[in-house]
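[1] take this sequence and fold it.
(one chain, ligands or ions: 1)
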Amino acid sequence: MKTRIAEDYNATAGIYDMRYREEQQLKIGFLLNRVRLRDGDTVIDAGCGTGLLLESVSERAKAWLVGIDSSIGMLREAKRKGIEADLVLGDVENMPFKDGVADAAFSVSVIQLAENPERAISEIRRITKAGGAIGISYLKRAGIEPPLAAGIRAAVHASETLKDIFITGFRED
Ligand SMILES: C[S@@+](CC[C@H](N)C(=O)[O-])C[C@H]1O[C@@H](n2cnc3c(N)ncnc32)[C@H](O)[C@@H]1O
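    Purely as a prediction, here's the structure:
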């Protein structure tokens, strides 16, 4: 299943921004408007795709940006566009990052694709430092309950116009 998802995104990476950029940027704005970022922060985007969130973060703060995605095609597209970030090929359910390395961690429209969304959220919490910001969205139509892992103090927002459920908050301990 994971391989097929990665292959699907590899095949469509070149047209992803044309199709989804506008929609995703509205979701990204929704999350970033609810999370405080500072210059010098380390920001990790789990399932970064073509780097739309990383690009928006770079317009708001001088952060060290890291993106991880399971599709090499999406990462290549991010690189082709000149996204200035460290891009890592990997799985959001098992990220190759140490505990607590991120001042802020995000994931936009990804966890509904995970085999285990709760595990993905728990990984996002693990890589975020105590008190660090967390912003996650996933497609409403996936019909999953907000999978809040223990240890994230978060608010759940549903926008009338956007297709995702949004979770914003911070890692408690
Ligand atoms: C709908 S796109 C969203 C991309 C980006 N977050 C955005 O907002 O434009 C979903 C992304 O999740 C990635 N993805 C899906 N399952 C993944 C997994 N298990 N680990 C890492 N990335 C994954 C896909 O390759 C794709 O880039």
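[2] once you drop chain neighbours, what's closest to residue 146?
    Leaving aside its sequence neighbours, residue 146 sits nearest to residue 156 (C-beta to C-beta, 6 or more residues apart in numbering; 4.6 Å). Just so you know, the C-beta spots here come from the backbone N, C-alpha and C atoms, and that holds for glycine as well.
[3] you'd agree the one you found is up against residue 164?
    No - contact status for residue 156 versus residue 164: not in contact, 11.1 Å apart, counting by C-beta atoms under 8 Å.
[4] name the residue in those two with the higher neighbour count.
    Remark: of residue 156 and residue 164, residue 164 carries more neighbours, 24 against 13, as counted by other C-beta atoms under 10 Å.
[5] look up how far residue 150 lies from that one.
    Applying C-beta to C-beta, to the nearest Å, the value for residue 164 to residue 150 is 23 Å.
[6] one more: residue 90?
    24 Å.
[7] between those two, which has more neighbouring residues?
    Relative neighbour count places residue 90 above the other of residue 90 and residue 150, with 14 against 8, counting by other C-beta under 10 Å.
[8] correct me if wrong: the more buried one contacts residue 68.
    Yes - with contact defined as C-beta under 8 Å, residue 90 reaches residue 68; the gap is 4.9 Å.
[9] now the common contact residues for those two.
    residue 96 (C-beta atoms under 8 Å, 6 or more residues apart in numbering).
[10] kindly export the lowest-mean-pLDDT helix or strand in the chain (C-alpha atoms) in PDB.
    None of the helices or strands of the chain scores lower by mean pLDDT, DSSP states H and E than strand 152-158, at a mean of 91. Output of strand 152-158 as PDB, limited to C-alpha atoms (Å, rounded to 0.1, in the frame of the first residue of the first chain):
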ATOM      1  CA  ILE A 152      -0.200  17.000  22.700                       C
ATOM      2  CA  ARG A 153      -2.300  19.900  24.000                       C
ATOM      3  CA  ALA A 154      -4.300  20.800  20.900                       C
ATOM      4  CA  ALA A 155      -7.400  22.400  19.600                       C
ATOM      5  CA  VAL A 156      -9.400  20.800  16.700                       C
ATOM      6  CA  HIS A 157     -10.800  23.200  14.100                       C
ATOM      7  CA  ALA A 158     -13.100  22.400  11.200                       C
END
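[11] that's all I had, so thanks and see you.
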